[in-house]
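Chemist: quick one, what's the 3D model for this:
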Amino acid sequence: MTFICRVLLYGAFLLLPWGCNARATREDPKVEVVQNGHEAILRQIADSVPKGPDGQRLSGLQLLKKTYATLPGGRTSSELDEIADLIAEHKQMASEKARKNEKKIHKVAEAAQEVDWKPPPPDFPLSEGAINAAYGLDDILVEGDILMSPKQIKHYYGLGKGGGRVKRQAMKGEWTIWKNGVVDYGFNDSFPEKGRAAVRAAMAFWEANTCIRFKYHADMENVPRWPVIRFFEGNGCWSGSLGRQDAGQYQDLSLASHCQQVRTTTHEIGHALGLIHEQSRYDRDNYITIDTTNIQASPTCLWAKDTSKPVMYAINKNYQMSIGWSELPTYGDFFILNKHYRCENRCLKDKVCKNDGTRDPNCEDSCLCPSGFGGNDCSERQAPSPGTKCGEVLKASDSWKSLAIEKTVGNGQAGEANLTAPSHCTWHVTAPAGRNIDYRVKYIGYDKNEKALCEYACRHGGLSIKGLESNWITEGMRFCCPAQYNIEMKTASNLLVVQPWNGRKYTDFEIEYRLDPATTAVNSTTASTTTSSTTTTSTTVSTTSSTASTSTASTNATTASTPTTPSTTTESTTRSSTTASSNATTASTPSTTTESPTTVEPVVERFFGKYILVSTPMSFGDAEAYCETKNAQLLVLHSKGTENTLQRVFNQLWPEETNIFWIGLKKAAGKESAFTWVDGSAVDYEKWPKRKPKPTAKEQCVAYWDPSWSAINCAFEFSSVCKKF
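Modeler: Below is the predicted model of the structure:
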């Protein structure tokens with residue numbers, strides 16, 4: 001999907017792949033098709049756009065006016081005019097900013113081009129952006145595929161009074177959230193069965209990973225509430241709103257014939273739920289840069305003029321292969337939506353999840369886990385793909401070790417496999433508490449060809465490595481090209497996650513790792529990894545300068561029912577090229593459980609007058625105790641306004657965070673217990689969403705969850721605010 005890892009933005013939602021392939025502006029609605037392999041399709045799309053009285057193709061604005069003239073209940077002509085004017089206003093500001101960053105863009109682009117990957121093949125799927133550009137819609141769609149209302153555009157870009165653009169991964173504002181997480185939808189009468197099947201599959205995907213539900217209405221003229229999403233076969237692939245639209249009956253979602261497949265449909269429904277393009281987030285310049293010299297119409301639509309080059313570059317060049325493409329949404333996207341819709345609050349029973357996992361949004365007694373982790377509470381390794389037997393838990397030592405795998409990950413077939421469910425395995429490399437892990441990739445490919453998988457975004461296979469960042473929500477850094485080899489990196493904790501995946505032939509790889517000699521006191525993971533057997537492998541390693549034969553012990557298998565294929569794990573010397581040959585003897589030992597100890601992270605806090613804003617998540621009890629150590633107490637409120645001010649400060653200080661924070665209000669266990677302030681003062685001010693929470697026998701604590709209070713489990717961990725005495 002176009003949901004790819006956060007570079008380092010959380011989700012894959014949504015980095016549009018390169019590929020505009022056409023140019024169209026309000027002033028010059030001519031189209032120039034340039035993408036190799038898709039010229040005929042894009043030319044066909046461009047030629048299908050009707051011509052006006054002057055003999056020229058209709059602009060995007062004119063085309064949608066023509067569409068809505070025969071589609072009642074949608075955007076009015078005056079609305080479309082205002083939308084186009086607001087987009088043009090924003091383009092002027094964005095162009096000026098881009099001109100000021102030309103030197104930075106050039107420098108980052110030069111570094112990224114060193115990767116030297118193969119250009120996309122002719123059969124590379126068309127993106128929604130490419131299709132929409134061929135229709136000439138860039139003058140009317142925000143970010144290339146969203147038809148926002150004027151109110152949403154002003155809010156999103158900070159145009160007009162107030163300024164200040166959206167600082168979320170999802171569209172902010174209660175009015176953008178579908179009430180109770182239920183999305184009403186139906187189909188235009190002429191919408192084909194192919195498209196309906198794609199919609200149903202996409203909705204099933206979102207329902208399986210979030211608490212959001214979709215309710216079908218066969219009679220679109222008589223629905224119990226508005227708005228309702230109307231799927232129709234229009235011009236291009238676009239969502240008629242970012243989140244729930246603020247007014248009107250029909251919230252249209254257009255899927256032209258080339259858009260009616262699960263990948264694109266999932267993408268556009270994601271917008272309708274409220275997800276923002278990752279490369280368009282307010283903080284994107286911390287992670288990526290946009291090459292405006294390679295953009296067709298404007299810096300707000302990322303369509304390439306020269307499709308042998310991308311338009312987005314990672315500030316950290318090692319992430320270049322990690323941006324731009326993914327078949328389906330990733331954990332980061334589910335994480336954002338489940339927080340946005342407060343899915344955890346709907347579950348009656350509590351569930352503790354490790355390694356940045358979250359409560360199953362459908363209230364099953366399990367957790368939704370980031371890639372690389374599995375088990376009931378995300379404390380184990382992610383299980384391998386069905387039919388694949390591989391993966392272990394390895395221990396780093398002071399000397400370099402080598403993990404080399406061959407003809408294990410993949411089916412050996414030259415044809416393209418199902419890229420939405422590729423072959424994959426997971427290795428965990430652990431270290432003692434207080435130690436980091438150094439690592440470097442030595443080889444990735446198949447049939448001894450180190451360039452075999454070196455493609456744009458590592459589309460057909462590669463190695464995903466997690467551990468460089470301080471959280472597990474972020475997708476791993478992708479490796480698949482020789483230019484990425486022998487770059488020494490260091491984990492942020494005492495765990496390294498190695499995940500090869502494959503969609504063509506095999507992903508063979510070799511990676512080396514050791515305990516970082518410079519670290520003695522760093523954060524450790526909270527993972528506990530259950531293992532079912534231990535394999536000892538004796539391997540001879542030949543190098544250009546020396547030969548060593550060693551034996552290393554490694555634990556493997558997340559569950560007893562998951563057998564493993566022994567990997568080549570060796571002590572190694574520093575070398576420029578290594579060939580590993582294995583004469584392994586194995587012996588099984590009883591299963592063990594390895595607990596990774598933890599160290600205490602420093603508390604992150606900032607002072608704002610008499611308030612202490614604590615960013616580090618804590619339970620209510622821990623937050624209350626921490627305030628006491630500061631000669632303060634959890635925030636007590638007796639008038640409106642204070643929470644809003646503190647929320648704004650939180651968003652300025654930590655713009656990437658959700659910034660939900662505890663206040664000093666709680667109730668003890670017992671159905672008759674009332675909410676009381678921690679200082680015993682009168683509860684003479686309230687800010688519940690509509691009414692007080694229903695009586696419950698459970699203990700409950702209160703957090704400010706913009707724009708209102710929320711009574712939730714006291715064990716949940718959030719930020720907090722202390723007020724000094």
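Chemist: in stretch 369-382, which residues are buried?
Modeler: 369-375, 377-382 (16 or more other C-beta atoms under 10 Å). Every C-beta, even on glycine, is put in place using the N, C-alpha and C of the backbone.
Chemist: show me the contact partners of that stretch.
Modeler: 330-331, 351-357, 365-367, 383, 391, 393, 424, 426-428, 464, 466, 472-473, 475-476, 497, 499, 527-530, 558-559 (C-beta atoms under 8 Å, 6 or more residues apart in numbering).
Chemist: host element of residue 622?
Modeler: Using DSSP states H and E, residue 622 sits within helix 620-629.
Chemist: residues of that helix that come out buried?
Modeler: By 16+ other C-beta under 10 Å, the buried positions in helix 620-629 come out as 620, 622, 623, 624, 626, 627.
Chemist: so the first one sits against residue 714, correct?
Modeler: This means residue 620. Yes: contact criterion C-beta atoms under 8 Å: residue 620 and residue 714 qualify, at 4.1 Å.
Chemist: anything in contact with each of the two?
Modeler: Shared contacts of residue 620 and residue 714 (C-beta under 8 Å, 6+ apart): 666, 701.
Chemist: residue 213 reaches residue 185, doesn't it?
Modeler: No: the criterion here is C-beta under 8 Å, and residue 213 misses it with residue 185 at 10.7 Å.
Chemist: those two: who's more crowded?
Modeler: Neighbour comparison, residue 213 and residue 185: the larger count goes to residue 185, with 21 against 14 (by other C-beta atoms under 10 Å).
Chemist: which other helices and strands does the helix holding residue 622 contact?
Modeler: strand 611-618, strand 632-634, strand 661-667, strand 718-724 (3 or more C-beta pairs under 8 Å, 6 or more residues apart in numbering; DSSP states H and E).
Chemist: again, only using 6 Å
Modeler: Under the contact criterion of 3 or more C-beta pairs under 6 Å, 6 or more residues apart in numbering; DSSP states H and E, helix 620-629 touches strand 632-634.
Chemist: sorry, back to before: ChimeraX command to pick out the buried ones of the contacts of stretch 369-382?
Modeler: Only the buried members of these enter the following ChimeraX selection, criterion being 16+ other C-beta under 10 Å:
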select :330,331,351,353,354,355,356,357,366,367,383,391,393,424,426,427,428,464,466,472,473,475,476,497,499,527,529,530,558
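Chemist: among the contacts of stretch 369-382, name the ones in helices.
Modeler: If you go by DSSP state H, these have residue 331 in helices.
Chemist: which helix or strand contains the closest residue to residue 255 other than its chain neighbours?
Modeler: Distances taken as C-beta to C-beta, 6 or more residues apart in numbering put residue 195 closest to residue 255, at 5.2 Å, once the chain neighbours are dropped. If you go by DSSP H and E, residue 195 is part of helix 193-209.
Chemist: pull out the buried positions in stretch 238-254.
Modeler: Buried residues in stretch 238-254, defined by neighbour count with 16+ other C-beta under 10 Å: 238-246, 248, 250-254.
Chemist: farthest-separated two in these?
Modeler: Greatest spatial distance in the buried residues of stretch 238-254: 246 and 254, 19.3 Å, computed using C-beta to C-beta.
Chemist: so where's this protein shaky on pLDDT?
Modeler: Residue ranges of the chain with pLDDT under 70: 1-37, 93-123, 159-173, 278-326, 521-601, 656, 658.
Chemist: quick one: contacts of stretch 680-696?
Modeler: By C-beta atoms under 6 Å, 6 or more residues apart in numbering, the residues outside stretch 680-696 that reach it are 637, 638, 639, 671, 708, 709, 711.
Chemist: try 7 Å
Modeler: Residues outside stretch 680-696 that contact it (C-beta atoms under 7 Å, 6 or more residues apart in numbering): 636-640, 643, 671, 675-677, 700, 708-709, 711.
Chemist: okay if I get the residues you listed as JSON lines plus secondary structure, distance to residue 450 and neighbour count?
Modeler: Below are the contacts of stretch 680-696 laid out as JSON lines (DSSP: H, G, I helix; E, B strand; the rest coil; distance: C-beta to C-beta, whole Å; neighbours: other C-beta atoms under 10 Å):
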{"residue": "636", "secondary structure": "coil", "distance to residue 450": "63", "neighbour count": "17"}
{"residue": "637", "secondary structure": "coil", "distance to residue 450": "61", "neighbour count": "23"}
{"residue": "638", "secondary structure": "coil", "distance to residue 450": "67", "neighbour count": "11"}
{"residue": "639", "secondary structure": "coil", "distance to residue 450": "66", "neighbour count": "7"}
{"residue": "640", "secondary structure": "coil", "distance to residue 450": "63", "neighbour count": "10"}
{"residue": "643", "secondary structure": "helix", "distance to residue 450": "56", "neighbour count": "19"}
{"residue": "671", "secondary structure": "coil", "distance to residue 450": "66", "neighbour count": "10"}
{"residue": "675", "secondary structure": "coil", "distance to residue 450": "63", "neighbour count": "18"}
{"residue": "676", "secondary structure": "strand", "distance to residue 450": "66", "neighbour count": "15"}
{"residue": "677", "secondary structure": "strand", "distance to residue 450": "64", "neighbour count": "21"}
{"residue": "700", "secondary structure": "strand", "distance to residue 450": "57", "neighbour count": "19"}
{"residue": "708", "secondary structure": "strand", "distance to residue 450": "56", "neighbour count": "13"}
{"residue": "709", "secondary structure": "strand", "distance to residue 450": "57", "neighbour count": "20"}
{"residue": "711", "secondary structure": "strand", "distance to residue 450": "57", "neighbour count": "20"}
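Chemist: ok, those vs residue 432, which is closest?
Modeler: residue 700 (39.2 Å).
Chemist: who are the contact partners of the residue nearest to the closest one when sequence neighbours are not counted?
Modeler: Spatial nearest neighbour of residue 700, excluding adjacent residues (C-beta to C-beta, 6+ apart): residue 711 at 4.4 Å. Residue 711 sits next to 693, 700, 702 when contact means C-beta under 7 Å, 6+ apart.
Chemist: please convert the residues you listed to CSV, extending it with distance to residue 271.
Modeler: Formatted as CSV, the contacts of residue 711 follow (distance: C-beta to C-beta, whole Å):
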residue, distance to residue 271
693, 32
700, 34
702, 32
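Chemist: which one of these is nearest to residue 648?
Modeler: Nearest to residue 648 among those, with distances taken as C-beta to C-beta, is residue 702, at 19.7 Å.
Chemist: from residue 617, how far out is the closest one?
Modeler: 16 Å (C-beta to C-beta, to the nearest Å).
Chemist: now swap in residue 506 and tell me
Modeler: 41 Å.
Chemist: for those two, indicate the residue with more neighbours.
Modeler: residue 506 (23 against 18).
Chemist: got the phi/psi numbers for that one?
Modeler: phi -140, psi 160 (degrees, to the nearest 10).
Chemist: same question, residue 410
Modeler: Main-chain torsions, residue 410, degrees, to the nearest 10: phi 130, psi 170.
Chemist: check contacts around it.
Modeler: So residue 410 contacts 423, 461, 502, 505, 506, 507 (C-beta under 7 Å, 6+ apart).
Chemist: and of the residues you listed, the nearest to residue 276?
Modeler: In terms of C-beta to C-beta, no member of these lies closer to residue 276 than residue 461, at 29.3 Å.
Chemist: what's the burial count for the closest one?
Modeler: 30.
Chemist: that one touches residue 501, doesn't it?
Modeler: Yes: the pair residue 461 and residue 501 passes the contact test of C-beta atoms under 7 Å, sitting 6.0 Å apart.
Chemist: find residues that contact each of the two.
Modeler: residue 507.
Chemist: picking that back up, contacts only, for the residue nearest to residue 255.
Modeler: 231, 233, 255, 260.
Chemist: what's residue 459 sitting at in phi/psi?
Modeler: Main-chain torsions, residue 459, degrees, to the nearest 10: phi -60, psi -40.
Chemist: now it: how far from residue 263?
Modeler: Counting by C-beta to C-beta, the gap from residue 459 to residue 263 is 13 Å.
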